[in-house]
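Colleague: Structure for the following, please:
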Amino acid sequence: MQDKHYDIVIIGGGPVGMALALALRNSNLTVLLLEARGLPEKVDDERPLALSHGSYLILRRLGVWNMLSRHTPIQTIHISNKGFFGRTVLTTEDAGVPALGYVVNYHDLYRALYEATVENEIQYQTGVAVKTFSTDRHSGHVQYEHEGVEKDLTAKLLVLADGGRLSSQIEGIAYQTEAYDQWAIVANVKAEIQQTGIAYERFTSEGPVALLPSGDDFALVWTTSPENAKVILALNEAQFLQRLYNHFGDRLGRFVATGKRSGFPLALKYAISPTTQRIALVGNAAQTLHPVAGQGFNLGLRDAYELALELIAAASENKEVGALPMLARYRDRRRADSQGGRIFTDSLIKLFSNDNMLLGHLCGMGLTLLDNCPPMKRFVSRRMIFGSRG
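Modeller: The predicted structure follows:
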């Protein structure tokens, strides 16, 4: 069979892959999305996503934001360290933005991006099984199965937005990996005190526990050891709510209800280089971070948006799309942001998630100093929102 040829083939049609395709929609570049899963109606994922104000701006530019059925603004972030003096409160005034971020449901975002993809007539194939892919100096080659038919294609650039599942097939891509020996438990919970736009990040020796405003209630991201996670997931509802209250404290009163709970292990994983010959990595294929401070998805969305900018610039300047010089510009453009997000989240976990009393007191002092230094609060909050460029 003769190969079909595209400018860009995106392997991984989840939110980051769709965002990249949408960012290229008016570029005259030919784009194909390949997704292993089915249509969004079949996606059962209740994970909360904390979108930064920077991500909100990207989604608005992509025409996606108004398609979201639910989004809850974060006006304040309250940061504390259990058992130690000191806390920091970050506000919209500190960052100079109307909202620090928004909490959305993963499935809602997936669906909104898919609707925008269909509306913009982007080629999107679901239920795809990629068999092999390779590259040479001039193009990438993909062999895959779709609806029982073997297909082949070539592209000027292959973009992996699949979470890294196919990375073992890529020559020239190597990963650094570090397991955190922690799990994250996510659920929607109701407290006696209704949410008021405040997101709580409470550090403990086991790991951080975050309560994010979601509708009238809260989205929970509870980090703990693998052993404790198994116990917590096995508790009945009353036992779970009591254990959460004992762990978090009484700032929100008692917890009175919870939805479905799920858990997953946490690790730091990142590509030493997010590009190689005719291939670029974005999102979790480029880096997977700890969920503390909610940086991972926002970083991946910036990957997609800035790769699109490089591709559009190359095409408009009659430079070769997907060639090594273009990929080097993208890699250099993303280096500071990717490294900054990785170091920031990794440092928070290593500083706060331990039983060292001296380090705990020093962290508490650091939170107090940050809370009393407006220029530093602005610096920190804007980099959490917009990445390394602030």
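Colleague: Between the two ends of stretch 216-229, how far is it?
Modeller: Chord length of stretch 216-229, first to last residue, is 26 Å (CA to CA, to the nearest Å).
Colleague: Name the residues of the helix or strand hosting residue 337 that come out as buried.
Modeller: Per DSSP states H and E: residue 337 is located in helix 324-352. Across helix 324-352, burial judged by 16 or more other CB atoms under 10 Å covers 326-327, 329-331, 333-334, 337-338, 340-342, 344-346, 348-349, 351-352. Just so you know, the C-beta spots here come from the backbone N, C-alpha and C atoms, and that holds for glycine as well.
Colleague: Same check on stretch 261-273?
Modeller: 261, 263, 266, 268-271.
Colleague: what's the average pLDDT for the helix or strand encompassing residue 117?
Modeller: Residue 117 is located in helix 106-119, with elements delineated by DSSP H and E. The average pLDDT within helix 106-119 is 93.
Colleague: do the same with stretch 336-353
Modeller: Rounded mean pLDDT across stretch 336-353 is 95.
Colleague: got it, and stretch 256-268?
Modeller: Here the average pLDDT along stretch 256-268 is 95.
Colleague: longest strand in the protein, by residue count?
Modeller: strand 175-191 (DSSP state E).
Colleague: what's the angle between that strand and helix 106-119?
Modeller: Relative orientation of strand 175-191 and helix 106-119, computed by axes from the mean of the first three to the mean of the last three CA atoms, to 10 degrees: 110 degrees.
Colleague: So residue 353 is in contact with residue 202, correct?
Modeller: No. Residue 353 is beyond contact range of residue 202, at 11.8 Å (criterion: CB atoms under 8 Å).
Colleague: shared neighbours of the two, anything?
Modeller: residue 208 (CB atoms under 8 Å, 6 or more residues apart in numbering).
Colleague: where along this protein do the helices fall?
Modeller: Under the criterion DSSP state H, the chain carries helices at the ranges 15-23, 53-61, 92-95, 106-119, 226-234, 237-248, 296-316, 324-352, 357-371, 374-386.
Colleague: got any ranges where the stretch 251-390 of the chain has weak pLDDT?
Modeller: 390 (pLDDT under 70).
Colleague: how about a cut-off of 80?
Modeller: 389-390 (pLDDT under 80).
Colleague: on that earlier part again, what angle separates the helix holding residue 117 from helix 53-61?
Modeller: 30 degrees.
Colleague: Return the set of buried residues in helix 106-119.
Modeller: Of all the residues in helix 106-119, those buried under the rule 16+ other CB under 10 Å are 106-114, 116-117.
Colleague: now do stretch 184-199
Modeller: For stretch 184-199, by 16+ other CB under 10 Å, it's 184-191, 195, 198-199.
Colleague: so can I have a markdown table of the residues you listed showing distance to residue 93 and pLDDT?
Modeller: Converted to a markdown table, the buried residues of stretch 184-199 look like this (distance: CB to CB, whole Å; pLDDT from 0 to 100):
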| residue | distance to residue 93 | pLDDT |
| --- | --- | --- |
| 184 | 30 | 96 |
| 185 | 33 | 96 |
| 186 | 30 | 95 |
| 187 | 31 | 94 |
| 188 | 29 | 94 |
| 189 | 28 | 97 |
| 190 | 29 | 97 |
| 191 | 26 | 98 |
| 195 | 20 | 96 |
| 198 | 14 | 98 |
| 199 | 16 | 98 |
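Colleague: any idea what sits nearest the spatially most central residue of the chain, other than its immediate chain neighbours?
Modeller: For the chain, residue 297 is the residue whose C-alpha lies nearest the centre (CA atoms, centre = their mean; 1.2 Å). Excluding the flanking residues, the one nearest residue 297 by CB to CB, 6 or more residues apart in numbering is residue 49, at 5.5 Å.
Colleague: The one you found is in contact with residue 110, isn't it?
Modeller: No. Counting by CB under 8 Å, residue 49 does not reach residue 110; the two are 9.9 Å apart.
Colleague: For residue 257, name its beta-bridge partners.
Modeller: Assessed by DSSP bridges, residue 257 has beta-bridge partners residue 190.
Colleague: Pull the contacting residues for residue 49.
Modeller: 103-106, 109, 294, 297.
Colleague: oh sorry, the question was meant for residue 212
Modeller: 48, 50, 72, 74, 103, 199-200, 218-221, 294.
Colleague: Could you report the separation of it from residue 375?
Modeller: 27 Å (CB to CB, to the nearest Å).
Colleague: What of residue 368?
Modeller: For residue 368 relative to residue 375 (CB to CB), the value is 16 Å.
Colleague: And these two? Which one has more around it.
Modeller: More crowded of residue 368 and residue 375, by other CB atoms under 10 Å: residue 368, with 14 against 8.
Colleague: Find the nearest non-adjacent residue to that one, please.
Modeller: residue 86 (4.1 Å).
Colleague: what's around that neighbour, how many residues?
Modeller: 19.
Colleague: That one and residue 366 touch, don't they?
Modeller: Yes. Counting by CB under 8 Å, residue 366 is a contact partner of residue 86 at 7.4 Å.
Colleague: circling back to that earlier point, which of the buried residues of stretch 261-273 fall within strands?
Modeller: Per DSSP E, the subset of these in strands is 263, 266, 268-271.
Colleague: of those residues, closest to residue 27?
Modeller: Minimum distance to residue 27 across those is 25.1 Å, recorded for residue 271 (CB to CB).
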